[in-house]
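this one's sequence-less:
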């Protein structure tokens with residue numbers, strides 16, 4: 001290796017360490033930068049020493065940025081920064097070859113600092129951009145990444161989103177005016193996605209994590225109210241969610257709960273209108289958070305059910321409630337629960 005090459009190699013090591021430790025590169029303070037457009041070829045050529053060029057690239061929206069680089073000789077290095085000078089990505093080519101790099105990014109200004117350190121190194125490169133076509137077009141200035149700026153959606157529509165190297169969460173907002181079943185058909189192009197559903201009242205919060213790549217459907221029984229849907233990703237890539245909502249029937253009235261002795265409880269309710277069946281529950285907890293027994297009853301005409309074998313040696317207090325449901329495409333949409341009734345079951 002020539003003296004110049006040895007000095008260049010040492011310069012590379014110290015420069016990379018200096019940047020990694022102190023983070024002092026400020027591409028926007030460069031004396032000048034070259035505006036680079038999508039699909040434009042450019043060449044960096046070095047002879048006898050270090051060469052550095054700063055480019056400014058503007059992405060019109062979120063999407064996938066692909067860099068294709070052909071390297072001649074030894075080494076070329078690229079660092080990508082956003083408009084706030086946060087370093088997003090480091091790329092390099094270290095031998096004569098052609099390299100392709102993909103990066104998911106949100107829209108806005110980016111600065112690419114390109115460096116060559118070896119004599120007679122040349123790099124011919126270009127950028128290709130594929131828009132993500134997000135429902136909410138995220139840029140570095142406009143994001144939907146917290147509860148204060150969630151993107152409003154209408155149920156029944158398909159929402160498209162993207163997780164990027166500089167954006168790993170999206171928030172969407174919607175409302176329902178009655179209790180019913182929310183269905184989310186999710187298609188994820190990446191692994192380890194997560195979704196969280198919560199309402200503004202703070203009494204509903206459901207999470208699904210580590211969702212694998214592919215298409216899956218999730219259903220949630222939700223009360224009326226305003227909701228936030230949070231989508232998060234450990235990895236980058238595109239996703240889409242098709243939403244639907246089926247409102248449940250009107251609440252039915254629980255008319256009586258009787259102790260028939262021998263550990264037997266009989267619940268009776270009023271027939272619901274336009275329903276496909278009922279669900280009746282009993283529990284030793286008034287909050288129905290423990291010791292819950294449920295029975296699903298098909299058909300609208302049956303308006304009572306008998307629970308047996310509840311108690312054969314002592315006295316227990318039970319709570320009972322019932323709700324109706326409608327079913328479509330094998331998805332049940334429930335009404336609100338009826339008022340509870342309390343009964344003491346004796347031997």
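Nice, thanks for sending it over. Everything quoted here is computed from the prediction, not taken from an experiment. Residues are numbered from 1 along each chain as shown.

tell me where the stretch 201-347 of the chain is predicted with low confidence.
When the per-residue scores of the stretch 201-347 of the chain are filtered using pLDDT under 70, the ranges that remain are 312, 347.

cutoff 80 now
In the predicted model of the stretch 201-347 of the chain, residues 201-204, 261, 311-315, 329, 346-347 satisfy pLDDT under 80.

again with the stretch 51-200 of the chain
Low-confidence regions of the stretch 51-200 of the chain, defined by pLDDT under 80, span residues 51, 73-75, 93-96, 117-121.

for it, which segments count as strands?
Under the criterion DSSP state E, counting those that start in this stretch, the stretch 51-200 of the chain carries strands at the ranges 51-59, 63-72, 76-82, 87-93, 97-105, 108-116, 122-131, 151-152, 158-163, 169-176, 180-188, 193-199.

outside of the last one, which residues touch it?
Outside of strand 193-199, the residues that reach it under the criterion C-beta atoms under 8 Å, 6 or more residues apart in numbering are 163, 182, 184, 186, 204-211, 218, 220, 222-223, 225-234, 239. (Each C-beta comes from the backbone N, C-alpha and C, glycine too.)

next: the third one.
In this structure, residues lying in contact with strand 76-82 by C-beta under 8 Å, 6+ apart are 12, 19, 25, 27, 44, 67, 69, 87-93, 103, 108-117, 121, 123, 140, 166.

quick one: buried ones out of these?
The neighbour-count test (16 or more other C-beta atoms under 10 Å) marks 12, 25, 27, 44, 67, 69, 87-89, 91-93, 103, 108-117, 121, 123, 140, 166 as buried among the contacts of strand 76-82.

returning to what we had before: figure out which of the strands of the stretch 51-200 of the chain is closest to residue 281.
Using C-beta to C-beta as the criterion, the shortest distance between residue 281 and the strands of the stretch 51-200 of the chain is 17.7 Å, found for strand 180-188.

and the helices in the protein, which stretches?
When assigned using DSSP state H, the helices of the chain occupy the ranges 3-22.

my read: residue 284 touches residue 315, true?
No - under the contact definition of C-beta atoms under 8 Å, residue 284 does not touch residue 315, with a separation of 11.6 Å.

got the confidence number for residue 8?
In the predicted model, residue 8 carries a pLDDT score of 38.

next: residue 33.
In this model, residue 33 is scored at 66, pLDDT.

re the thing from before, buried among the contacts of strand 193-199? Make that a ChimeraX selection.
If you want just the buried ones from these in ChimeraX, going by 16+ other C-beta under 10 Å, the selection is:
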select :163,182,184,186,211,220,222,227,228,229,230,231,232,233,239
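
buried residues of the lengthiest strand in the chain, list them for me.
Longest strand in the chain by number of residues (criterion: DSSP state E): strand 316-328. Residues of strand 316-328 classed as buried under the neighbour-count rule (16+ other C-beta under 10 Å) are 316, 318-326.

neighbouring strands - and their directions - for it?
With DSSP bridges as the criterion, the sheet partners recorded for strand 316-328 are strand 277-283 (antiparallel), strand 331-334 (antiparallel), strand 341-345 (antiparallel).

can you add distance to residue 83 and give these back as a markdown table?
Supplementary listing: the strands paired with strand 316-328 in a markdown table, determined by distance: least, C-beta to C-beta, whole Å:
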| stretch | distance to residue 83 |
| --- | --- |
| strand 277-283 | 54 |
| strand 331-334 | 45 |
| strand 341-345 | 63 |
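
between the ones you listed, which gets nearest to residue 56?
strand 331-334 (50.7 Å).

ok, residues contacting that closest one?
Counting by C-beta under 8 Å, 6+ apart, strand 331-334 makes contact with 179-181, 183, 219, 221, 246-249, 276, 279, 323-327, all of which sit outside it.

quick one on the thing from earlier: in strands, which of the contacts of strand 193-199 appear?
Judged by DSSP E, strands contain the following of the contacts of strand 193-199: 163, 182, 184, 186, 205-211, 218, 220, 222, 225-233, 239.

what about stretch 332-347, distance to the chain center?
In terms of C-alpha atoms, centre = their mean, to the nearest Å, the gap separating the centre of stretch 332-347 from the centre of its chain is 36 Å.

returning to what we had before: got the buried residues of strand 316-328 as a markdown table, with distance to residue 196 columns?
Shown next, in a markdown table, are these (distance: C-beta to C-beta, whole Å):
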| residue | distance to residue 196 |
| --- | --- |
| 316 | 38 |
| 318 | 34 |
| 319 | 30 |
| 320 | 32 |
| 321 | 28 |
| 322 | 30 |
| 323 | 25 |
| 324 | 29 |
| 325 | 25 |
| 326 | 27 |
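
for residue 55, state which of those is nearest.
Out of the buried residues of strand 316-328, the one with the shortest distance to residue 55 is residue 326. That distance is 59.0 Å, counting by C-beta to C-beta.

now that closest one: how far from residue 230?
Plainly put, residue 326 is 29 Å away from residue 230 if you go by C-beta to C-beta, to the nearest Å.

go on, residue 112?
As for residue 112, its distance to residue 230 is 32 Å (criterion: C-beta to C-beta).

then residue 263?
Relative to residue 230, residue 263 is positioned 46 Å away (criterion: C-beta to C-beta).

in terms of contact, does residue 178 touch residue 224 like I think?
Yes - between residue 178 and residue 224 a contact is recorded at 5.0 Å, counting by C-beta under 8 Å.
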